[in-house]
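K.L.:
Provide a 3D model corresponding to the input given below.
(2 chains)
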2 protein chains.
Amino acid sequence: MAEENTIFIGKKGTMAYVLAVVTQVNSGAKEVTIKARGKAISRAVDVSEIVKNKFLKDMKISGIGTSTEELSTEEGGTIKVSSIEITMKK
Amino acid sequence: MAEENTIFIGKKGTMAYVLAVVTQVNSGAKEVTIKARGKAISRAVDVSEIVKNKFLKDMKISGIGTSTEELSTEEGGTIKVSSIEITMKK
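P.N.:
Predicted structure coming up:
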């Protein structure tokens, strides 16, 4: 899938990401992937639920995958962080 | 699925729930469902990732579903909360 249809969930408010998804779809994307790591995972689920229940009722969640990513720390070690990928389709 | 194979993720540490899943499986459950709401959703993903990567390498995530639940507040109103359900199987 094209990287430009991916929304990375960070520290902004939930509605900022809802708006990002809606904007992508309104500019022609048939499929959008929402990605998040660590504590932002809950927000990713909120975003996909709000998008499909409130804003784009013709979109469905077509797949949800989770994985574990290894991130490097500033001290030179690595930590493991869970991640989620939610794919939404028309 | 039998309700006794469901683990509800609350405010305890992640490893408490990992242990709960491992215990269920070791006492014969072939399938376990991990449920969480709101901010605990991230922890639910951590639990399933840790279980399959570290403790029960023969288990796979067989399905992940999300939904929105309405909860009653003490003031008599309702709030919407996202929830997740992760099913793991041997």
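K.L.:
Report the central residue of chain A.
P.N.:
residue A:34 (1.8 Å; C-alpha atoms, centre = their mean).
K.L.:
pLDDT of the top helix by length along chain A, averaged?
P.N.:
With secondary structure taken from DSSP state H, chain A has its longest helix at helix A:14-26. Across helix A:14-26, pLDDT averages out at 97.
K.L.:
who are the neighbours of it, in terms of helices and strands?
P.N.:
Packing contacts for helix A:14-26, counted by 3 or more C-beta pairs under 8 Å, 6 or more residues apart in numbering or on different chains; DSSP states H and E, involve strand A:6-8, strand A:31-37, helix A:40-50. (Glycine included, C-beta is placed from N, CA and C.)
K.L.:
The residue nearest to the centre of chain A bridge partners, please.
P.N.:
Residue A:34 forms beta bridges with residue A:7, residue A:86, as assigned by DSSP bridges.
K.L.:
what does residue A:71 give?
P.N.:
In beta-bridge terms (that is, DSSP bridges), residue A:71 pairs with residue A:79.
K.L.:
Kindly report the residues of chain A close to chain B.
P.N.:
A:38-42, A:45-46, A:48-49, A:53, A:61, A:64-68, A:82, A:84, A:86 (C-beta under 8 Å from any C-beta of the partner chain).
K.L.:
From residue B:41, how far off is the nearest residue to residue A:37 once chain neighbours are set aside?
P.N.:
Spatial nearest neighbour of residue A:37, excluding adjacent residues (C-beta to C-beta, 6 or more residues apart in numbering or on different chains): residue A:83 at 4.5 Å. Using C-beta to C-beta, to the nearest Å, we find residue A:83 at a distance of 13 Å from residue B:41.
K.L.:
Show me the common contact partners of the two, please.
P.N.:
residue A:41 (C-beta atoms under 8 Å, 6 or more residues apart in numbering or on different chains).
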